[in-house]
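S.K.: Following is a predicted model, sequence given first.
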Amino acid sequence: MKNEKLNNIAITGGGTGGHLKIAKVIKDELNKRGIKPIYIGSTSGADMEWFENDEGFSAKYFLDSSGVVNKKGLSKITALSNILKNSFEAKKILKKHNIKKVFSVGGYSAAPASFASLGFCKLYIHEQNAHIGSLNKILKPFSKRFFNTFFYNDPYPIEDIFFKTARIRKEIKTIIFLGGSQGALQINNLALEVAKELNKKDIKIIHQTGKKDYKRVKEFYEKEKIDANVFDFDKNLAVKIASSDLAISRAGASTLFELTANKLPAIFIPYPYAAGDHQYYNAKWLADKNAAIVKRNVEKKEFFKILNNINIEVLSKNLDKIKLQNGVEKIVDEMLRN
Ligand SMILES: CC(=O)N[C@H]1[C@@H](OP(=O)(O)OP(=O)(O)OC[C@H]2O[C@@H](n3ccc(=O)[nH]c3=O)[C@H](O)[C@@H]2O)O[C@H](CO)[C@@H](O)[C@@H]1O
């Protein structure tokens, strides 16, 4: 790496795949430019799983931060004092590495380093969703730049592979079921309800189950002798997305923009308990452009009704009209410039 010494950027935040994916693509882009940022995340959630062994960061710190939003009374006070303690810790880390810029991808694991950046260095925030999270709401006025695609038409950081393998879909030969980084019981159940009939129609099934439900789903397909490509989580999901013609998916922002970049039409079934119902509003943004279908709940009968009437070519072409290219480069350019 050319500028190994240029380590004065910290990326912070995580918890779930949606946040971590942003941290990953921003880090990859910085690495391409010879910059090795540091990472400050949490011991909870999936931060360690994603980054503990990632050599693209010059140093990695996992603090014992936890969420505050759904807590009440004493546990809220404990959580707040924990943020305070971790913010002091994060401040020491920022000082040690002479950090000039903190890039936050949100989530509770971003809180300590984001607070520590205030009055110390510049803070950049990427809010993924069509509803501003509580931490981001507090920090937005203090940030140098607040990126959001839904409200400000900012670029969304998406890996190149989704663009490179994009194609207009015309015929449904393969359906992919996607539950977001953790899997979704509702989507798993729908897949199992419709699998036999899809099989009869010669439609191939790709199914991401999430860790918790993998065994049950896998056993179902085996018992029913349905040849489905079942997995809990796959780091090379892009290949599977590219080979599909329709997605049945949760509406987490990273998944939604990856499908858009790939021009893969989707029926979105948003996670109903997401803060501010943001998954619904994420999906509605596409549905309003006639580029996706969004449903609160879908049962077998309605599923096949949609399948019989859906025009995936129109949806795919409308996805093609949404210009998302070079989002990562644009965000990193802006962060490095200002
Ligand atoms: C339940 C919940 O609160 N979910 C939130 C979480 O979703 P979640 O963590 O599910 O995030 P997204 O759907 O945005 O992204 C999931 C990411 O994981 C990747 N992936 C997924 C499965 C797999 O097998 N392999 C793989 O690599 C996808 O390509 C994608 O990049 O963060 C998102 C971004 O803030 C929010 O919009 C979601 O509302």
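M.R.: Yes, it's here. Residues are numbered from 1 along each chain as shown.

S.K.: Next up, identify which helix or strand the spatially closest residue to Asp47 that is not a sequence neighbour is on.
M.R.: Excluding the flanking residues, the one nearest Asp47 by CB to CB, 6 or more residues apart in numbering is Gly41, at 3.4 Å. For glycine as for every other residue, the C-beta is placed from the backbone atoms N, C-alpha and C. Assigned by DSSP states H and E, Gly41 falls within strand 38-42.

S.K.: mind listing what Ala116 touches?
M.R.: Ser87, Phe88, Ala90, Lys91, Ile93, Leu94, Val102 (CB atoms under 8 Å, 6 or more residues apart in numbering).

S.K.: pretty sure the third one contacts Pro112?
M.R.: It stands for Ala90. Yes. Applying CB atoms under 8 Å, one finds Ala90 in contact with Pro112, separated by 3.9 Å.

S.K.: Common neighbours of these two, please.
M.R.: Common neighbours of Ala90 and Pro112 (CB under 8 Å, 6+ apart) are Thr12, Ile40, Leu63.

S.K.: per the record, what domains does the protein have?
M.R.: 9-154, 161-320 (automatic domain parsing).

S.K.: Ok, which of those domains comes nearest Ile331?
M.R.: domain 9-154 (6.0 Å; CB to CB).

S.K.: buried residues in the helix of greatest length in the chain?
M.R.: Longest helix of the chain, by residue count under DSSP state H: helix 73-96. Buried residues in helix 73-96, counted by 16 or more other CB atoms under 10 Å: Ala79, Asn82, Ile83, Asn86, Ser87, Glu89, Ala90, Lys91, Ile93, Leu94.

S.K.: could you redo those residues as a markdown table and give each row distance to Val230 and pLDDT?
M.R.: A markdown table is the format used below for these (distance: CB to CB, whole Å; pLDDT from 0 to 100):
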| residue | distance to Val230 | pLDDT |
| --- | --- | --- |
| Ala79 | 37 | 82 |
| Asn82 | 39 | 90 |
| Ile83 | 39 | 91 |
| Asn86 | 39 | 96 |
| Ser87 | 42 | 97 |
| Glu89 | 41 | 98 |
| Ala90 | 40 | 98 |
| Lys91 | 45 | 98 |
| Ile93 | 41 | 98 |
| Leu94 | 43 | 98 |
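
S.K.: Name the nearest of those residues relative to the ligand.
M.R.: Ala79 (18.0 Å; CB to the nearest ligand atom).

S.K.: Tell me who's in contact with the residue nearest to Asp47.
M.R.: Shown in contact with Gly41 (CB under 8 Å, 6+ apart): Thr12, Gly13, Gly14, Ala23, Asp47, Met48, Phe51, Lys60, Tyr61, Phe62, Leu63, Ser109.

S.K.: So which of these are in strands?
M.R.: Judged by DSSP state E, the subset of the contacts of Gly41 located in strands is Thr12, Lys60, Tyr61, Phe62, Leu63.

S.K.: For the next helix or strand after the longest helix of the chain, name the packing helices and strands.
M.R.: As assigned by DSSP H and E, the chain's next helix or strand after helix 73-96 is strand 101-104. Contacts defined by 3 or more CB pairs under 8 Å, 6 or more residues apart in numbering; DSSP states H and E place strand 101-104 against strand 9-12, helix 111-117, strand 122-126.

S.K.: The last one pairs with which strands, parallel or anti?
M.R.: Strand 122-126 has the following sheet partners, assigned by DSSP bridges: strand 101-104 (parallel), strand 145-147 (parallel).

S.K.: Might you name the residue of the stretch 51-200 of the chain sitting closest to the ligand?
M.R.: Gly180 (2.6 Å).

S.K.: Who are the contact partners of that residue?
M.R.: Thr16, Gly17, Gly18, Gly210, Ser249, Arg250, Gly252, Thr255, Tyr271.

S.K.: And for Asp154?
M.R.: Per CB under 8 Å, 6+ apart, neighbours of Asp154: Phe147, Asn148, Ile331.

S.K.: Could you report the neighbour count for the last one?
M.R.: Summarising burial for Ile331: neighbours were counted as other CB atoms under 10 Å, giving 23.

S.K.: Now it: which helix or strand?
M.R.: Applying DSSP H and E, one finds Ile331 within helix 327-337.

S.K.: buried ones in that helix?
M.R.: Gly327, Val328, Lys330, Ile331, Val332, Met335.

S.K.: excluding its backbone neighbours, what's nearest the first one?
M.R.: Taking CB to CB, 6+ apart, and ignoring the residues beside it in sequence, Gly327 has Pro155 as its nearest neighbour in space, at 3.3 Å.

S.K.: and if you look at the last one?
M.R.: If you skip the residues right next to it in sequence, Met335 has Tyr124 as its closest partner in space, 5.3 Å away by CB to CB, 6+ apart.

S.K.: Which pLDDT value belongs to that neighbour?
M.R.: At Tyr124, the pLDDT value in this model is 98.
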